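> Predicted model and sequence below, questions to follow.
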Amino acid sequence: MNNIKKIITFIFLINLFFINYSYSTGTTLDFEKWLVSYKKFVLSEGISQKTIDIAFKDIKFLEQVIKYDRKQPEFYEDTITYVSKRATKSRAIKAKKLLKTNKDLLNEIEKKYNVEKEILLALWGIETNFGKHVGKMPIISSLATLSFDKRRSEFFSSQLIILLKLIDKEIIDHETLYGSWAGAYGNFQFMPSTIKDYAIDYDDNNKIDLKSFDDSFASAANYINKLGWLTNEPCYLKVNLKDNIPKILLNTSAKKIKNKKKIKYLKKFIYNSENLSLNDNLIAGIITPDKDIVADSKLLEPAYLVFSNYELILKWNRSLRFALAVCDLKNKFYNEL
């Protein structure tokens, strides 16, 4: 029986791919034709007709979503600009006020999940400017648009299916589903798969509301704890590299930090390495994030030593610049909190 279901699912995916591939620019008419087949696929995944009717009632193709997808700031802003615009002193000051207001709950969550409140505040600040910009896009339409689009159709389709199952099980209220153009939701911009695996109903009201403080912070703490966060460990360190560094040590991709070495080995390629207050046996990688993004960027500038906690933030968001911004804002908090 399972094999038959797998075959049916495979056939549906193949059909959806060719329907998708045959449409050039994603017009509304093409999208509506695709949606007819997609609803059949959704039904075959065990989602009730009632949920399909409710979720797809006002669904539409969002051309603006495609435009956003093609012009993300991680793809064109240099590192210094990206980080300086997001890890600001004003955000650190604002975090201090928010900590004072929510001190008891944050201390409780910090203790329970063994994750510093500073990293939670930093993620909140970078993701949504402390809940100010959680997004206003209809998430189901956004995910459907990106499922219909060719660039990452399989990924976004899987996210939409997960979200529909959460609605079907009444874990998520479909009427609250407004968020980012990419389908991320709540204070910490969780994708549906992250909601399924890590979100927590911390206030025990039988609903997961990631726009509420309790649920969102507990869920974020649970997520980063499960990723393996190490408390009071470094995240990154900006360095000046010597010209003789083997180019194989330089990472420009967020997919995986490769060729990591002990600090005592890397020191020979770093100016003023005697001033590094790091354990020589600490394992680190080196990133030069501008090289493959910014035209005419220097090969060795800017450069950063990155550690295990930095790599964990990459699992949260596969962007070298995003992870640097989060770590930088976290560091700024220590001067304010």
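That came through, no problem.

> So residue 92 is in contact with residue 328, correct?
No: Residue 92 lies out of contact with residue 328 (C-beta atoms under 8 Å); the separation is 10.0 Å. Heads up, the C-betas are built off the backbone N, CA and C, glycines and all.

> which of those two has more neighbours?
Neighbour comparison, residue 92 and residue 328: the larger count goes to residue 92, with 23 against 20 (by other C-beta atoms under 10 Å).

> The more buried one and residue 282, how far apart?
Using C-beta to C-beta, to the nearest Å, one gets 26 Å for the distance from residue 92 to residue 282.

> Equivalent analysis for residue 218, please.
Using C-beta to C-beta, residue 218 is found at 31 Å from residue 282.

> what about these two, which has more around it?
Neighbours per residue (other C-beta under 10 Å) separate residue 218 from residue 282, with residue 218 holding more: 23 against 16.

> Give me the buried stretch members for stretch 316-326, please.
In terms of neighbour count (16 or more other C-beta atoms under 10 Å), stretch 316-326 has its buried residues at 316-317, 319-326.

> where does the stretch 151-300 of the chain have low pLDDT?
295-296 (pLDDT under 70).

> same thing but 80
Applying pLDDT under 80 to the stretch 151-300 of the chain flags residues 292-298.

> residue boundaries of the strands in it?
Using DSSP state E, counting those that start in this stretch, the strands found in the stretch 151-300 of the chain span residues 178-179, 236-239, 250-251, 261-262, 283-287.

> Figure out which of these is closest to residue 209.
strand 178-179 (12.6 Å; C-beta to C-beta).

> Return the distance of that closest one from the chain's centre.
15 Å (C-alpha atoms, centre = their mean, to the nearest Å).

> Where does pLDDT dip in the stretch 1-150 of the chain?
By pLDDT under 80, the weakly predicted segments of the stretch 1-150 of the chain are 1-28, 71-76.

> Now do the strands in it.
137-138.

> of the buried residues of stretch 316-326, closest to residue 138?
Using C-beta to C-beta, residue 317 comes nearest to residue 138 of these, at 22.2 Å.

> Backbone dihedrals for that closest one, please?
According to degrees, to the nearest 10, the main-chain angles of residue 317 amount to phi -150, psi 120.

> That one and residue 285: what is the separation?
Distance, residue 317 to residue 285, by C-beta to C-beta: 17 Å.

> now do residue 88
Per C-beta to C-beta, residue 88 is found 27 Å from residue 285.

> Neighbour count for these two, which is higher?
Of the pair residue 88 and residue 285, residue 285 is the one with more neighbours under other C-beta under 10 Å, namely 22 against 17.

> these two touch, right, the more buried one and residue 257?
Yes: using C-beta under 8 Å as the test, residue 285 is close enough to residue 257 to be in contact (3.8 Å).

> what sits in contact with each of the two?
251, 306, 311 (C-beta atoms under 8 Å, 6 or more residues apart in numbering).

> Could you tell me which of the residues you listed count as buried?
For the shared contacts of residue 285 and residue 257, buried by 16+ other C-beta under 10 Å: 251, 306, 311.

> can you pull the contacts of the first one?
In this case it means residue 251. Contacts here follow C-beta under 8 Å, 6+ apart; on that basis residue 251 touches 257-259, 285-288.

> Excluding sequence neighbours, find me the nearest residue to it.
residue 287 (4.6 Å; C-beta to C-beta, 6 or more residues apart in numbering).

> The one you found is in contact with residue 304, isn't it?
Yes: at 5.2 Å, residue 287 counts as touching residue 304 under the criterion of C-beta under 8 Å.

> All good on my end, thank you.
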